[in-house]
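[1] sequence-free structure coming up:
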């Protein structure tokens, strides 16, 4: 695969500049997921359970900052979001 993102069996990153990834399976609080972004290993400790198909934060996202998926802004954080937290309607608004 010639891409800037490497898929894992747990998370799918759509674009190398995304700050969220889609869960390919339900994630359980406390587990650590390993992915590679731009040839650098990234470890994401899941802070809360995240359902299949939902998003998890790959980086810290401050209140008001954009949520990026597919390399595009899909919303803004309505509160601070930590790496490994569930990213969904409870902490994201349309912009």
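    Yep, that arrived. All of these numbers come straight from a predicted model, not from anything done at the bench.
[2] Can you give me every residue that contacts the residue most central in space within the chain?
    Nearest residue to the geometric centre of the chain (C-alpha atoms, centre = their mean): residue 20, 2.4 Å. Shown in contact with residue 20 (C-beta atoms under 8 Å, 6 or more residues apart in numbering): 55, 56, 57, 58, 67, 68, 69, 87. Placement of C-beta: from N, CA and C, glycine included.
[3] between those residues, which is nearest residue 28?
    Taking C-beta to C-beta as the measure, residue 28 sits nearest to residue 56 out of these, at 11.7 Å.
[4] Can you give me the neighbour number for residue 82?
    12 (other C-beta atoms under 10 Å).
[5] Tell me which residues touch it, please.
    Residue 82 neighbours (C-beta under 8 Å, 6+ apart): 47, 57, 60.
[6] coming back round to it: now for the contacts of residue 20, which pair is the farthest apart?
    56 and 68 (13.4 Å).
[7] which of the contacts of residue 82 tops the neighbour count?
    Within the contacts of residue 82, neighbour counts (other C-beta under 10 Å) peak at residue 57, which reaches 22 neighbours.
[8] Next up, the contacts around it.
    Taking C-beta under 8 Å, 6+ apart as the criterion, residue 57 is in contact with 19, 20, 81, 82, 83, 84, 85, 87.
[9] What is the nearest of these to residue 13?
    Using C-beta to C-beta, residue 20 comes nearest to residue 13 of the contacts of residue 57, at 8.3 Å.
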